[in-house]
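Chemist: Provided below are the primary sequence and the corresponding predicted coordinates.
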There are 2 protein chains.
Amino acid sequence: MSRNANFIDKLREARLRPTKQRVKICELLFNREKTFHFTINDLVKKISEDLNEKISLATVYNTVHAFVKKGYLKEIAINSDKSYFDTNTSTHHHFYDEDTHELIDCEQNNIDSINIKNNITGKKINSVEVLIKVASDNQNHN
Amino acid sequence: MSRNANFIDKLREARLRPTKQRVKICELLFNREKTFHFTINDLVKKISEDLNEKISLATVYNTVHAFVKKGYLKEIAINSDKSYFDTNTSTHHHFYDEDTHELIDCEQNNIDSINIKNNITGKKINSVEVLIKVASDNQNHN
DNA sequence: ATTATACATTATAATTATTCTAAACTATTG
DNA sequence: CAATAGTTTAGAATAATTATAATGTATAAT
Ligand SMILES: [Mn+2]
Ligand SMILES: [Mn+2]
Ligand SMILES: [Zn+2]
Ligand SMILES: [Zn+2]
């Protein structure tokens, strides 16, 4: 229960009511060592597997979007079929495995800092992110 | 008609039958100076405006996907609402204007070449692309 | 040139991800 | 303990995309 207290505080700070569902989702998302990249469907599956409770799809969408808005989660555009979300909310780069459709964080020091020589006039740069698409090495070429 | 002959040849080389619809779409897409970034909806609108003919939505989807497969077009993932396509099929970077939702090519020499120090083991890198999100400069901050 | 075949286009239905709605529920406030 | 404001939920609605099956057309064979 003491770990949940953290999430309740976190939610309160963001002026979100700490409902049972939101705390449960916090547990699943933020109670882990490594970055978690997931789709809504991944999360719904995880909820019904790990917990024994059901949270309605609408609530999962609403909660994830509330977390994105509050900066607890980040949305990543990889393909247009579905949205990916990321517990690593910093500006960072990704490997995308085209075989497994898996997103993997690319450490910041794995790429030298990127300098944009000429920006669009009148606009400010909000983020600069690299997407590295990788695939299995052992393919036959013709 | 001589310009169409080019497209007919292009389609033939890709083993696509040069149907009236495909040639029309080629004209709209490839008969232009600058790179064209578009959604299916953009293209459908352009077809009904510029030409006076109607091409069914299914054919537009099928044709665009055939062109992507043949390497005439490239699909760009920007957000998960809809797919963007690009007449510039080379590996290249983009500015994305978050105000206008417009994609703009970033010249290759505008960014120094990106070196990935450590790749995922057993995988080969297929592409390295940068997405620069920009927005209007004159925002009020609190 | 005519016919046969394979492939393409079309309208429409189906699917899938996502968002909306409105009623029932719950956390917080007085 | 109310009253209130915000939340969850099942299910309907929407929007992008894909599938279906009938009709049409380009190409190959005669
Ligand atoms: Mn697609
Ligand atoms: Mn979204
Ligand atoms: Zn990440
Ligand atoms: Zn481009």
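Modeler: Structure's in. What do you need? None of these values were measured; they are calculated from a predicted model. Ligands and ions are numbered 1, 2, ... in the order given.

Chemist: report the contact partners of A:Lys82.
Modeler: Neighbour list for A:Lys82: A:Thr39, A:Ile40, A:Asn41, B:Ser80 [criterion: Cβ atoms under 8 Å, 6 or more residues apart in numbering or on different chains]. C-beta coordinates here come from the backbone N, C-alpha and C atoms, glycine included.

Chemist: can you pull out the low-pLDDT segments for chain A?
Modeler: A:1-2, A:139-142 (pLDDT under 70).

Chemist: point to the residue nearest the middle of it.
Modeler: A:Asp86 (1.0 Å; Cα atoms, centre = their mean).

Chemist: from the chain's centroid, how far away is the longest strand along chain A?
Modeler: Of all segments of type strand in chain A, defined using DSSP state E, the longest is strand A:123-136. From the chain centre to the centre of strand A:123-136 is a distance of 15 Å (Cα atoms, centre = their mean, to the nearest Å).

Chemist: enumerate the residues of chain A near ligand 3.
Modeler: A:Asp86, A:Asn88, A:Asp105 (Cβ under 5 Å from the ion).

Chemist: so which of these are in strands?
Modeler: A:Asp86, A:Asp105.

Chemist: picking up where we left off before, closest to ligand 3 out of the contacts of A:Lys82?
Modeler: A:Thr39 (13.4 Å; Cβ to the ion).

Chemist: measure that closest one to B:Arg3 for me?
Modeler: 44 Å (Cβ to Cβ, to the nearest Å).

Chemist: in the lengthiest helix in chain A, which residues are buried?
Modeler: In chain A, assigned by DSSP state H, the helix with the most residues is helix A:57-70. Across helix A:57-70, burial judged by 16 or more other Cβ atoms under 10 Å in any protein chain shown covers A:Val60, A:Thr63, A:Val64, A:Ala66, A:Phe67, A:Val68.

Chemist: phi and psi next, for the residue nearest to A:Val23 when sequence neighbours are not counted.
Modeler: Distances taken as Cβ to Cβ, 6 or more residues apart in numbering or on different chains place A:Phe7 nearest to A:Val23, at 5.1 Å, with adjacent residues excluded. Backbone torsions of A:Phe7, given as degrees, to the nearest 10, read phi -70, psi -40.
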